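Asker: Provide a 3D model corresponding to the input given below.
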Amino acid sequence: MPAASRFDIAAVDVRAPDAPMAFTRSLHDTGFAVLRHHPIDPDLIARLYQGWAAVFAIPDIDDYLFDPVTQDGYFPFRSENARDSTVKDLKAFFHVYPGTRLPPALAADTMALYQDLLTLGALLLGWLQDHLPPAIRDRLTEPLPAMLAGSMQSLFRVLHYPALPADIEPGAVRAAAHEDINLITLLVAGTAPGLEACDRTGIWHAVPCDPGMIVVNGGDMLAVATDGYLPATPHRVVNPPAGQDVARQSMPMFLHPRPEVVLAPGLTAGAFLDQRLREIGLKP
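Answerer: Below you'll find the predicted structure:
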C-alpha cells in the first residue's frame, strides 16, 4: 500500500466486500477512516447526546467527580492538556469503564453503546490484522483482536465543549493537537463540526463526519505495535468561528489492550498508558 499523495480519508461502507481492505488502506495512508452504514443504532446515539447534555448542565454532576486512581467519572472543565501543551483544553468530560457509577437514567443506554462500539472495534482490529503486510503482522506479539480480548481498559468518553468562556487563555482551544494513546478510536458523529487532522506536510484538514458516520483513527499503541505502518495522526478540535459559538458534544470510544500486552520489546501497554496519563495531566 503506497503512501497517499494527498490526505484522502476514505469513507468506507461497512457492508461492502472490499471494506476491510479499504479501511486498512485508509488507516495506513492517513491514520483515519470514516465508516458509513455501520451497525450502531442512531436512535441510541441521539438519546445519549440528549441525556448527557442534560447531565453536564446539573449542579450535582460534581457528585460523580473522577477517581484519580481508577480514572473514571466526571472531569471538570479545563482538566486536561495535550501532551506538549501547558494550556488546558476547553472541555469537560466523563470517563466510562465497566463498573463506572453512572447517572441512573443513562446507565443502560451508555453501557449498551459501550458494548456495541467494543464489538465493532474488535471487528475492525480483525480487518487490520488480516490485511497487514506479513512482515508487520509477524512482529506483533499477539494478533490485534487478541490484545483487546479480556481488557477492562477500553474507555468510553463523553465530551462536553461548552460555549467559549470570556476568559480564554492565549492559545486555548477545545482540544489541542494530540495523538490518541490507544489502539484505535471510534468516534460517533459529534453534534457540531470542529475535528481536524494533520497530514504529513503539516496541513490541517477537516475530518468528514456527517450524522450517521463514525470516524476511526489509529492511536500511538497501534503505531508502536506496527512499527509505524498504521500511524497515529495528530488531530485537534478547533474553536468555533465567530458568531457560531455553540456547545459541542462528542462520544469517542478508545480501545485499549490488556495492560500486560507487549507493544514492543520492553514496553507493555500498561506502562505506556501510565506514562501518557501523567504527560496529559490526568495522573500524578
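Asker: C-alpha only now, for contacts and for neighbours.
Answerer: OK.
Asker: In this structure E279 contacts S85, no?
Answerer: No - counting by Cα atoms under 8 Å, S85 is not a contact partner of E279; they are 9.4 Å apart.
Asker: what are the ranges of the helices in the stretch 1-150 of the chain?
Answerer: Under the criterion DSSP state H, counting those that start in this stretch, helices of the stretch 1-150 of the chain are mapped to 19-30, 42-56, 104-131, 134-139, 144-148.
Asker: any idea which of these is most buried?
Answerer: When the helices of the stretch 1-150 of the chain are scored by mean count of other Cα atoms under 10 Å, the highest mean neighbour count falls to helix 19-30 (a mean of 22).
Asker: tell me the angle that helix makes with helix 104-131.
Answerer: Orientation check (axes from the mean of the first three to the mean of the last three Cα atoms, to 10 degrees): helix 19-30 against helix 104-131 gives 90 degrees.
Asker: Could you give the average pLDDT over helix 19-30?
Answerer: Per-residue pLDDT over helix 19-30 has a mean of 98.
Asker: Using CSV, write out every CA atom in that helix.
Answerer: Listed in CSV are the C-alpha atoms of helix 19-30, where the atom choice follows Å, rounded to 0.1, in the frame of the first residue of the first chain:
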residue,chain,number,x,y,z
ALA,A,19,-14.5,-2.7,3.3
PRO,A,20,-11.7,-4.5,5.2
MET,A,21,-9.0,-3.6,2.6
ALA,A,22,-10.3,-0.1,2.1
PHE,A,23,-10.4,0.5,5.8
THR,A,24,-6.8,-0.7,6.3
ARG,A,25,-5.5,1.3,3.4
SER,A,26,-7.1,4.5,4.7
LEU,A,27,-5.6,4.0,8.2
HIS,A,28,-2.2,3.3,6.6
ASP,A,29,-2.3,6.3,4.3
THR,A,30,-3.9,8.9,6.7
